[in-house]
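J.: For reference, the sequence and a predicted model appear below.
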Amino acid sequence: QVDLVESGGGLVQAGGSLTISCVVSERIFSTYNLAWFRQRPGERRALVADIGKFGDSPFYEDTVKGRFTISRDNAKHTLILQMNSLEPEDTAMYYCAASRTFRSPSPSMYTDWGQGTQVTVSS
């Protein structure tokens, strides 16, 4: 069973916007904290944003504050990342992740992962 499935990645010009989504299984969506990570080639996976299981207290990594918005669509069991004012440095594979207990910048604290969706920002 695949519990997290991302979609919406693609190629966008610098300054543009893109929304990526992650459909989450019912067993996870209502009881897990959710997060978006990204991984650039040759780098470690890094936290972009996370949100509590009740949609509370979203957290953003400094370089995306004011540009990205994380949200949960409860009706569709979907985690969403709205990305505005995209920069070439945002180019990465984006992953959604779930943790029953933790909200953490460490990928090891997350037990469930999607397969990733590629976001490429051209200059």
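T.: Yes, it's here. Please read all numbers here as calculations on a predicted model, not as lab measurements.
J.: which residues does the residue most central in space within the chain contact?
T.: Nearest to the geometric centre of the chain sits Trp36, at 2.3 Å (Cα atoms, centre = their mean). Listed by Cβ atoms under 8 Å, 6 or more residues apart in numbering, the contact set of Trp36 reads 20, 22, 47-50, 70, 79, 81, 94-97. The C-beta positions use only the backbone N, C-alpha and C, and glycine is treated the same way.
J.: Who does it form a beta bridge with?
T.: In this entry, Trp36 is beta-bridged to Ala49, Cys96, by DSSP bridges.
J.: pLDDT score for it?
T.: pLDDT recorded at Trp36 is 98.
J.: For the helix-or-strand element of the chain with minimal mean pLDDT, buried residues please.
T.: One helix or strand of the chain scores below all others by mean pLDDT, DSSP states H and E: helix 26-29, with a mean of 92. Residues 28-29 are the ones in helix 26-29 that count as buried (16 or more other Cβ atoms under 10 Å).
J.: For Leu79, what is the enclosing helix or strand?
T.: Using DSSP states H and E, the element containing Leu79 is strand 78-83.
J.: follow-up on the earlier one: so which of the contacts of Trp36 is the most crowded?
T.: In terms of neighbours by other Cβ atoms under 10 Å, the contacts of Trp36 top out with Cys96 at 29 neighbours.
J.: so what's that one up against?
T.: Contacts for Cys96 (Cβ under 8 Å, 6+ apart) come out as 4, 6, 22, 24, 34-37, 79, 113-114.
J.: Buried ones only from these, please, as a ChimeraX command.
T.: Applying 16+ other Cβ under 10 Å to those, the buried members can be selected in ChimeraX as follows:
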select :4,6,22,24,34,35,36,37,79,113,114
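J.: Widest-spaced pair of the contacts of Cys96?
T.: Taking Cβ to Cβ as the measure, the contacts of Cys96 span a maximum distance of 14.7 Å, between Val24 and Phe37.
J.: out of everything not next to it in sequence, what's closest to Val5?
T.: Val23 (4.9 Å; Cβ to Cβ, 6 or more residues apart in numbering).
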